[in-house]
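> Sequence isn't available, so here's the structure alone:
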């Protein structure tokens with residue numbers, strides 16, 4: 001199944017696409033990115049139309065996912 005991680009950060013936003021049905025470099029990079037995002041304390045949301053649900057594990061990702069960075073005060 002094709003999946004997209006839409007990452008918002010201080011440099012703007014980017015999209016990372018991979019297919020969980022194909023074990024290749026893109027899938028490996030997608031998993032590494034997800035693990036890195038979670039380690040930094042960011043939140044990942046699976047988006048389905050007007051609804052979203054927070055995801056805490058790589059295997060819970062939906063077709064479209066949005067990454068929101070951890071908000072820090074200054």
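That came through, no problem. What you see is a predicted model, and the numbers here were worked out from it, not measured in a lab. Numbering: from 1, shown residues only.
> Do me a favour and get the end-to-end distance for stretch 18-28?
With Cα to Cα, to the nearest Å applied, stretch 18-28 spans 9 Å between its terminal residues.
> Same question for stretch 35-44.
11 Å.
> Ok, stretch 50-64 next?
12 Å.
> can you check stretch 16-32 too?
OK, stretch 16-32 end separation, Cα to Cα: 11 Å.
> chain center to stretch 26-46, what's the gap?
Between the centre of stretch 26-46 and the centre of its chain there are 5 Å (Cα atoms, centre = their mean, to the nearest Å).
> meant to ask about stretch 46-58
Computed by Cα atoms, centre = their mean, the separation of stretch 46-58 from the middle of its chain amounts to 10 Å.
> same check, this time on stretch 62-74
8 Å.
> Now do that stretch, average pLDDT.
For stretch 62-74, the mean pLDDT works out to 86.
> Could you pull up the contacting residues of residue 45?
Contact analysis of residue 45 by Cβ atoms under 8 Å, 6 or more residues apart in numbering lists 52-55, 65-68. Any C-beta I mention is one placed from the backbone N, CA and C, and that applies to glycine too.
> Show me how to select, in PyMOL, the buried members of the residues you listed.
Of these, the buried ones can be selected in PyMOL as follows, counting by 16 or more other Cβ atoms under 10 Å:
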select buried, resi 55+65+66+67
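> Might you specify the subset of the contacts of residue 45 located within strands?
Taking DSSP state E, the ones among those that sit in strands are 52-55, 65-68.
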